[in-house]
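A.B. asks: pasting the structure only:
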């Protein structure tokens, strides 16, 4: 094994520790799946992609021969992601299980196998290392660009529900460590993608700070009004079908409070109790 600068060893070790914590981040998700005995709406794609990424970096590190820390963390990552996928396949519905198996065969078996065969027979020595390095670089860039859809969703909904701050923080910190590890090794296939990772990580944390308190004000209340509006529209549709001659009522903004009172289940219960009390009083007076 090549002896590296102490800083290279330090950043490689820190990168391993932080990446290991990131690999363990989905544990609460899979604990929920285990408790409920179903995968519900969870998708297997992130874990299939993560497994493929680990496999790519192991192959690249074996060709490079002086990137031991890449081998250690990605070997651990392969084991963890395989366990996640096994749990997912065990508890997923039939259709989700079939689609996950197809994805695994397409990407992790056929895709990875084809890449191995082509690079083995069509490239030799240093050229093979460069080709595999470019494949890793391009794939990592696409993985780091994936949060763009999450950023768009956060800006549109003004909610950080699907972008937890600790995960964004550790992903950014991990990208910093791997950038310096690649930079000190003078391996830009490792360093360059992590520049993008640092940028997107910082953007995610800034958006979290901006929108962390906006959810309750901007999402919860409008959702209630929207549900109420949908309910009113359905009532109007039904009434129009039953009595086509009825004139539609146009609601004014000030009528919302009145509608909320009318539709409040507590008020309905109170009205029912009041009616029952009146009937009892009428029966009592009749008996007298």
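C.D. replies: Ah, there it is. In this text the structure is predicted, and so the values were computed from the model without any measurement.

A.B. asks: residues contacting residue 123?
C.D. replies: 130, 131 (Cβ atoms under 8 Å, 6 or more residues apart in numbering). No exception for glycine: its C-beta is placed from N, CA and C like everyone else's.

A.B. asks: residue 80 versus that one, what's the distance?
C.D. replies: From residue 123 over to residue 80 the distance is 31 Å, taken as Cβ to Cβ, to the nearest Å.

A.B. asks: so residue 29 touches residue 41, yeah?
C.D. replies: No: Residue 29 is not in contact with residue 41 according to Cβ atoms under 8 Å; the separation is 11.1 Å.

A.B. asks: neighbour-wise, which of those two wins?
C.D. replies: residue 29 (16 against 6; other Cβ atoms under 10 Å).

A.B. asks: quick one: contacts for residue 85?
C.D. replies: 44, 47, 48, 51, 100, 104.

A.B. asks: let me see the ranges of the helices in this structure.
C.D. replies: 6-23, 27-36, 45-64, 68-91, 94-103, 112-122, 125-145, 147-157, 165-185, 188-211, 215, 221-242, 255-263, 265-287 (DSSP state H).

A.B. asks: same list, these, but as TSV with mean pLDDT please.
C.D. replies: Below are the helices of the chain laid out as TSV (pLDDT from 0 to 100):
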stretch	mean pLDDT
helix 6-23	90
helix 27-36	88
helix 45-64	90
helix 68-91	93
helix 94-103	92
helix 112-122	90
helix 125-145	85
helix 147-157	77
helix 165-185	88
helix 188-211	88
helix 215	49
helix 221-242	41
helix 255-263	42
helix 265-287	49
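
A.B. asks: neighbours of residue 35, how many?
C.D. replies: Residue 35, neighbours per other Cβ under 10 Å, totals 8.

A.B. asks: go on, the one 10 residues further on?
C.D. replies: The local packing count at residue 45 equals 13, with neighbours defined by other Cβ under 10 Å.

A.B. asks: please report how far it lies from residue 81.
C.D. replies: 12 Å.

A.B. asks: quick check: the closest residue to residue 48 other than its chain neighbours vs residue 111, distance?
C.D. replies: Using Cβ to Cβ, 6 or more residues apart in numbering and skipping residues adjacent in sequence, the residue nearest residue 48 is residue 103, 5.2 Å away. Distance, residue 103 to residue 111, using Cβ to Cβ: 10 Å.
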